[in-house]
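model the structure of this input:
(2 chains)
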Amino acid sequence: GNSVTQMEGPVTLSEEAFLTINCTYTATGYPSLFWYVQYPGEGLQLLLKATKADDKGSNKGFEATYRKETTSFHLEKGSVQVSDSAVYFCALSDQDGNQFYFGTGTSLTVIP
Amino acid sequence: EAEVAQSPRYKITEKSQAVAFWCDPISGHATLYWYRQILGQGPELLVQFQDESVVDDSQLPKDRFSAERLKGVDSTLKIQPAELGDSAMYLCASSPEGAGLVFFGPGTRLTVT
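Okay, the predicted model is just below:
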């Protein structure tokens, strides 16, 4: 079956540090991959996505590359800000685009 | 910008009471999802609709939960009776058919006392 595994948190970084949050997946066929962000008390917002192997999704300084050979979609940012403090969820949709699977989330806190 | 609407945003209820949540998806989105998110965990799918039809409710506790989307537009999720373990965030989301992208509402935070 389809599933997503992401690194456990919480992660605490100083402002301007480099961020990596690992995500690996198990899927049949050709899934699409996503990162969602959830700020306190809010719903999930799409951060970035990639729909096929070797695609790189990017938004707000965050990047993730769809690696089929390692079944990974790690989230990176070169210099985090306090405003990036949130919970980050890796997710995949099946190749029909109708079913979604979420990881358990990684909490990030950025301190000044 | 179109958004998924949910109400109420917060609900406190006593155990054994009934509670209902409402969701209005983005106009034109055929697929509607209800997720439950327990604090510190990822969203767990409760039910998925395609238009007015249920396509997946395998994780819905049907002895106490029910969901409907009568006209294929807005949807209601009901819990009766509520239990302490139902305290969670209930997220509604919608998607254009086969788009491989889901848009979330702000959620309803339920506290059962």
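
the residue in chain B that chain A sits nearest to - nearest residue in space that isn't next to it in sequence?
Closest residue of chain B to chain A, C-beta to the nearest C-beta: B:G100 (3.1 Å). All C-beta spots, glycine's among them, are computed from the backbone N, C-alpha and C. Nearest residue to B:G100 in three dimensions, chain neighbours excluded: A:G97, at 3.1 Å (C-beta to C-beta, 6 or more residues apart in numbering or on different chains).

can you tell me the distance between the two ends of stretch B:82-97?
One end of stretch B:82-97 sits 32 Å from the other (C-alpha to C-alpha, to the nearest Å).

in what helix or strand does the residue nearest the centre of chain B lie?
In chain B, the centroid-proximal residue (C-alpha atoms, centre = their mean) is B:W34; its distance is 3.1 Å. Assigned by DSSP states H and E, B:W34 falls within strand B:31-37.

can you pull the buried residues of the helix or strand following that strand?
Of the helices and strands lying after strand B:31-37 in sequence (DSSP H and E), the nearest is strand B:44-50. Neighbour-count burial for strand B:44-50, counted by 16 or more other C-beta atoms under 10 Å in any protein chain shown, picks out B:L45, B:L46, B:V47, B:Q48, B:F49, B:Q50.

what's the most distant pair in those residues?
B:L46 and B:Q50 (15.1 Å; C-beta to C-beta).

out of the helices and strands in chain A, which is least certain?
One helix or strand of chain A scores below all others by mean pLDDT, DSSP states H and E: strand A:100-102, with a mean of 88.

so how far is the next helix or strand after that one off the chain centroid?
Going down the chain from strand A:100-102, the next helix or strand is strand A:106-111, by DSSP H and E. Average the C-alpha atoms of strand A:106-111, do the same for its chain, and the two points are 14 Å apart (C-alpha atoms, centre = their mean, to the nearest Å).

mind listing what the residue nearest to the centre of chain B touches?
B:C23, B:L45, B:L46, B:V47, B:Q48, B:A67, B:S75, B:L77, B:Y90, B:L91, B:C92 (C-beta atoms under 8 Å, 6 or more residues apart in numbering or on different chains).

who in chain A is up against chain B?
Counting by C-beta under 8 Å from any C-beta of the partner chain, chain A comes close to chain B at A:32, A:34, A:36, A:41-46, A:49, A:51, A:89, A:93, A:96-100, A:102-105.

quick one, which of those residues are buried?
A:32, A:34, A:36, A:43-44, A:46, A:49, A:51, A:89, A:93, A:97-100, A:102-105.
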